[in-house]
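Novice: Need coordinates for the following:
(one chain, ligands or ions: 1)
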Amino acid sequence: MKNTAFRIALMPGDGIGVEVIDACVAVLDTLQKKSSGWALSMDRLDAGAQLYKATGTAMSEETFQRAANADAILLGAMGWPEIRYPDGTEIAPQLDLRFRLGLYAGVRPIRALPGMPLALADPRAKDIDFVILRESTEGMFASRGRGEVIDDREARDTQVITRDVSERLFDFAFRLAESRRGRGGKAIVTCVDKANVFRSFAFFRKIFDERARAFPSIAARHHYVDACALDLVRKPWEFDVMVTENLFGDILSDLAAGLIGGMGFAPSADVGDKNAVFQPSHGTAPDIAGKGIANPTATLLSAVLMLRWLGERHAVPACGEAADRLEQAVDAALGSGSVRPYDAGGRDGTGALARAVIERL
Ligand code: ATP
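Specialist: Numbering: from 1, shown residues only. Have a look, this model is predicted:
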């Protein structure tokens with residue numbers, strides 16, 4: 001069988017980003033050797049806070065173009081507390097990728113992993129399996145770099161919700177619920193907003209209701225964000241796909257990661273109509289960087305999302321099957337009890353976890 005070759009822009013970034021990406025590349029190498037029908041060629045690109053420190057540029061235009069022209073972007077993490085732009089803001093070229101490439105659908109899957117610690121003692125917590133779909137190009141973040149402080153008296157940031165992006169976001173949410181049905185999904189999409197107070201959210205909800213009519217086999221529900229935060233702790237196993245504005249999604253997805261053991265277990269994908277970036281939900285974790293103890297699980301599960309997306313987009317079923325195999329290998333390695341990451345109270349570092357997954361492959 002002829003292999004479909006995908007070019008992956010690999011952006012390790014800073015801090016533990018580099019460590020988890022190295023582990024992920026080793027695992028993907030093995031997965032490729034054991035598969036046929038698809039292949040990855042890695043184009044390693046330098047970007048982030050350390051590059052900014054060394055050169056004054058966080059991501060060159062050439063690097064951006066190479067990433068934009070790749071089939072997918074696999075990113076570690078970027079930023080460093082002490083390295084900042086002159087205005088005091090953090091170096092975050094990964095946010096520029098989201099805006100410039102129009103990656104409106106921030107996919108944040110949250111799933112209880114075998115053998116890993118759960119924040120809730122309720123036995124139903126082992127059934128937690130939902131996705132927060134965070135709009136990632138507008139909402140409150142539309143004000144990034146544009147907010148104003150007037151005479152040191154008051155400050156303003158403005159939220160933007162557009163019909164165009166919201167329609168595509170909601171269609172993405174309903175299609176995601178449809179595709180999850182085969183993998184144990186509950187065929188429910190919940191719109192999370194604050195439509196009882198803000199016109200922008202009432203508009204957001206109105207568009208959600210309009211789009212829901214095109215997907216009659218999926219249940220469409222609403223939740224106010226405050227009540228939703230409560231239910232994420234009271235009964236998170238009832239959610240399937242949740243779709244929300246950028247800032248709400250930012251906050252709720254960290255809360256949700258806390259339910260399943262923390263940031264080291266939470267993958268993500270930022271998807272647009274043409275491009276997609278896959279990266280762990282966590283940052284560069286300066287407190288543990290360089291020690292070899294970062295948990296690579298979130299990055300490996302992000303690679304699962306990448307292979308699934310490539311397989312669906314290019315109609316290469318073998319790539320989707322490889323995604324399933326990688327996900328099963330991660331579950332088997334964690335569930336075996338033979339390895340336990342540091343952030344789950346264990347003593348196994350980044351390399352040991354990657355080796356355990358490679359053995360299962
Ligand atoms: P950012 O703002 O860039 O998203 P952050 O400052 O919110 O980052 P992280 O860098 O994600 O924070 O780290 C938050 C905490 O989680 C830190 O204590 C860090 O050590 C821990 N952490 C994050 N990722 C991992 C990981 N892969 N393995 C183990 N611990 C992690």
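
Novice: and residue 347, how far is that from the ligand?
Specialist: 13 Å (Cβ to the nearest ligand atom, to the nearest Å). All C-beta atoms are positioned from the backbone trio N, CA, C, and that covers glycine.

Novice: One more: residue 217?
Specialist: Here residue 217 is placed at a distance of 36 Å from the ligand (Cβ to the nearest ligand atom).

Novice: Assign that residue to helix, strand or coil.
Specialist: Secondary structure, DSSP: H, G, I helix; E, B strand; the rest coil: residue 217 is coil.

Novice: Just give the nearest non-adjacent residue to it, would you?
Specialist: Using Cβ to Cβ, 6 or more residues apart in numbering and skipping the chain neighbours, the partner closest in space to residue 217 is residue 187 (6.7 Å).

Novice: Tell me how many other residues crowd residue 317.
Specialist: Using other Cβ atoms under 10 Å, residue 317 is surrounded by 11 other residues.

Novice: List the contacts of it.
Specialist: Residues in contact with residue 317 (Cβ atoms under 8 Å, 6 or more residues apart in numbering) are 37, 311.

Novice: I figured the residue nearest to residue 217 was touching residue 240, is that so?
Specialist: Yes: the pair residue 187 / residue 240 is scored as a contact, 6.8 Å apart, by Cβ atoms under 8 Å.

Novice: Comparing the two, which residue is more hemmed in?
Specialist: Neighbour count, other Cβ under 10 Å: between residue 187 and residue 240, residue 240 has more, with 22 against 15.

Novice: ok, the residue in the stretch 151-300 of the chain positioned nearest to the ligand - how many residues close by?
Specialist: Residue nearest to the ligand within the stretch 151-300 of the chain (Cβ to the nearest ligand atom): residue 283, separated by 2.2 Å. Using other Cβ under 10 Å, residue 283 has 21 other residues around it.

Novice: go on, residue 219?
Specialist: 14.

Novice: can you tell me how far it sits from residue 234?
Specialist: Distance, residue 219 to residue 234, by Cβ to Cβ, to the nearest Å: 20 Å.

Novice: quick one, helices of the stretch 101-250 of the chain?
Specialist: Remark: helices assigned in the stretch 101-250 of the chain by DSSP state H, counting those that start in this stretch are 163-181, 199-212, 225-234, 246-259.

Novice: orientation of the first one relative to helix 199-212 in degrees?
Specialist: When you say that, I think you mean helix 163-181. Computed by axes from the mean of the first three to the mean of the last three Cα atoms, to 10 degrees, the angle separating helix 163-181 from helix 199-212 equals 50 degrees.

Novice: Show me what helix 163-181 is packed up against.
Specialist: The contact analysis (3 or more Cβ pairs under 8 Å, 6 or more residues apart in numbering; DSSP states H and E) places helix 163-181 against strand 105-111, strand 129-135, strand 188-193, helix 199-212, strand 241-244.

Novice: Go again with 6 Å.
Specialist: strand 188-193, helix 199-212, strand 241-244 (3 or more Cβ pairs under 6 Å, 6 or more residues apart in numbering; DSSP states H and E).

Novice: The shortest one: partners in the sheet, and parallel or antiparallel?
Specialist: Same thing as strand 241-244. When pairs are called by DSSP bridges, strand 241-244 turns out to pair with strand 129-135 (parallel), strand 188-193 (parallel).
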